[in-house]
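Asker: Need coordinates for the following:
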Amino acid sequence: MKELVEVIAKALVDNPDEVVVTESMKGEDTLIELKVAPADMGKVIGKQGRIAKAIRSVVKAAASKEDRKVIVEIQ
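Answerer: Prediction:
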């Protein structure tokens, strides 16, 4: 899941070197934190959060194949 979020985020931003993705366990759920440069925050979130919702939907679909719950946080 971490690699999936990283590939998507790096494709969206102007500074792909500043994309940092961390993965940790939060109880039974997997928590993925995405950090990007402040200038790229708008590109990752999108208008009215549409891109952020799309990223979460793709990750949720990929996680459902493995019967896991994944939470994506954008910072």
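Asker: which other helices and strands contact the longest helix anywhere in the chain?
Answerer: What stands out as the longest helix in the chain, according to DSSP state H, is helix 50-64. Judged by 3 or more CB pairs under 8 Å, 6 or more residues apart in numbering; DSSP states H and E, helix 50-64 is in contact with helix 2-12, strand 29-35, helix 41-45, strand 70-74. Quick note: C-beta positions are derived from backbone N, CA and C, even for glycine.
Asker: Let me have the ones you listed in CSV, adding distance to residue 22, mean neighbour count and mean pLDDT as columns.
Answerer: Formatted as CSV, those follow (distance: least, CB to CB, whole Å; neighbours: other CB atoms under 10 Å; pLDDT from 0 to 100):
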stretch, distance to residue 22, mean neighbour count, mean pLDDT
helix 2-12, 8, 16, 95
strand 29-35, 5, 17, 96
helix 41-45, 15, 15, 96
strand 70-74, 10, 17, 95
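Asker: and of those, who's closest to residue 23?
Answerer: Across those, the minimum distance to residue 23, taken as CB to CB, is reached by helix 2-12, at 4.2 Å.
Asker: ok so, going back, next, format the helices and strands packed on helix 50-64 as JSON lines and append distance to residue 55.
Answerer: JSON lines is the format used below for the helices and strands packed on helix 50-64 (distance: least, CB to CB, whole Å):
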{"stretch": "helix 2-12", "distance to residue 55": "6"}
{"stretch": "strand 29-35", "distance to residue 55": "8"}
{"stretch": "helix 41-45", "distance to residue 55": "8"}
{"stretch": "strand 70-74", "distance to residue 55": "6"}
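Asker: Looking at those, spot the one closest to residue 19.
Answerer: Nearest to residue 19, of the helices and strands packed on helix 50-64 and by CB to CB, is helix 2-12 at 4.8 Å.
Asker: need the next SSE after that closest one, C-terminal direction.
Answerer: strand 20-26 (DSSP states H and E).
Asker: Can I get that next one as PDB, trimmed to CA atoms?
Answerer: Extracted C-alpha coordinates of strand 20-26, given in PDB (Å, rounded to 0.1, in the frame of the first residue of the first chain):
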ATOM      1  CA  VAL A  20       7.500  11.000   2.200                       C
ATOM      2  CA  VAL A  21       5.200   8.100   2.900                       C
ATOM      3  CA  THR A  22       5.300   6.200   6.200                       C
ATOM      4  CA  GLU A  23       3.300   3.100   7.000                       C
ATOM      5  CA  SER A  24       2.400   2.000  10.600                       C
ATOM      6  CA  MET A  25      -0.100  -0.100  12.400                       C
ATOM      7  CA  LYS A  26      -2.900   1.500  14.400                       C
END
